[in-house]
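Student: Quick check, what structure comes out for this input:
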Amino acid sequence: MSLISRTFKLADYARAQSRLAHPIERALELACRALPDAAGELKAELYRRAGYDIGSGVNLADGLRLRGSGDHRANLHIGARCYINAGCTFELAAPIFIEEDCAVGPEVLFLTTTHQRLESPPICGPRVLAPIHVRRGSWIGARAILLGGTVLHPGAFVRANTVVWAEHCQ
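Tutor: This next block holds a predicted model:
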């Protein structure tokens, strides 16, 4: 692939991403990409200074994606000493609470939006928002998906590639 085609591909990617993310998130994502993976606490500090509620000792790996419309910084709450692994996505249409001492595996999705299911076509009804609450000491495995309305009990363990949509106590 030539340099010109790679440049156009990168420009297309940047345009697509800029439509999805709030300008603050885009700037933070780009700044964090320039930092080494070992600078996870520095990345958390950048998000704190941008107005996110992120506790002390939080370590953010590369590729954190925060999505939502408008200024949704008030919808993310990460407690102290948590680790958020690479490539996690937080849809911030409703609040997401992660209490202290939690570990989140790579590419975990936190999805706070769904649609009401209708009985006849079109089956996709009005949008429904619901918060997600991860209690203290929980561990979420790689590529798990947490849907709106999820509550993880303290010390819960979510296996990799699991979809969680309600109260989860183990």
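Student: Verify the contact between Gly40 and Gly63 for me.
Tutor: No - using C-beta atoms under 8 Å, Gly40 is not in contact with Gly63, being 11.7 Å away. Yep, even glycine has a C-beta here, placed from its N, CA and C like the rest.
Student: what about the two, which has more around it?
Tutor: Legend: neighbour count by other C-beta atoms under 10 Å for Gly40 and Gly63, higher for Gly40 (21 against 17).
Student: host element of that one?
Tutor: helix 40-49 (DSSP states H and E).
Student: just checking, what packs against that helix?
Tutor: helix 23-33, strand 53-54, strand 59-60 (3 or more C-beta pairs under 8 Å, 6 or more residues apart in numbering; DSSP states H and E).
Student: tilt between the first one and helix 40-49?
Tutor: Right, helix 23-33. Compare the direction of helix 23-33 with that of helix 40-49 by axes from the mean of the first three to the mean of the last three C-alpha atoms, to 10 degrees and you get 160 degrees.
Student: nearest residue to Tyr47 other than its sequence neighbours?
Tutor: Leaving aside its sequence neighbours, Tyr47 sits nearest to Ile54 (C-beta to C-beta, 6 or more residues apart in numbering; 5.3 Å).
Student: Determine which residue lies closest to the centroid of the protein.
Tutor: Centroid check for the chain by C-alpha atoms, centre = their mean gives Phe90 as the closest residue, at 2.1 Å.
Student: Bridged to that residue, which residues?
Tutor: Under the criterion DSSP bridges, Phe90 forms beta bridges with Leu66, Phe110.
Student: any idea how far it is from Arg26?
Tutor: Using C-beta to C-beta, to the nearest Å, Phe90 is found at 15 Å from Arg26.
Student: Check what pLDDT Ala21 gets.
Tutor: For Ala21, the pLDDT comes out at 54.
Student: actually Cys169, not the one I wrote
Tutor: 60.
Student: what do you get for Ser18?
Tutor: Looking at Ser18, the pLDDT reads 46.
Student: try Cys124
Tutor: 83.
Student: What's opposite the residue nearest to it when sequence neighbours are not counted in the beta bridge?
Tutor: Spatial nearest neighbour of Cys124, excluding adjacent residues (C-beta to C-beta, 6+ apart): His115 at 4.8 Å. With DSSP bridges as the criterion, His115 is bridged to Arg127.
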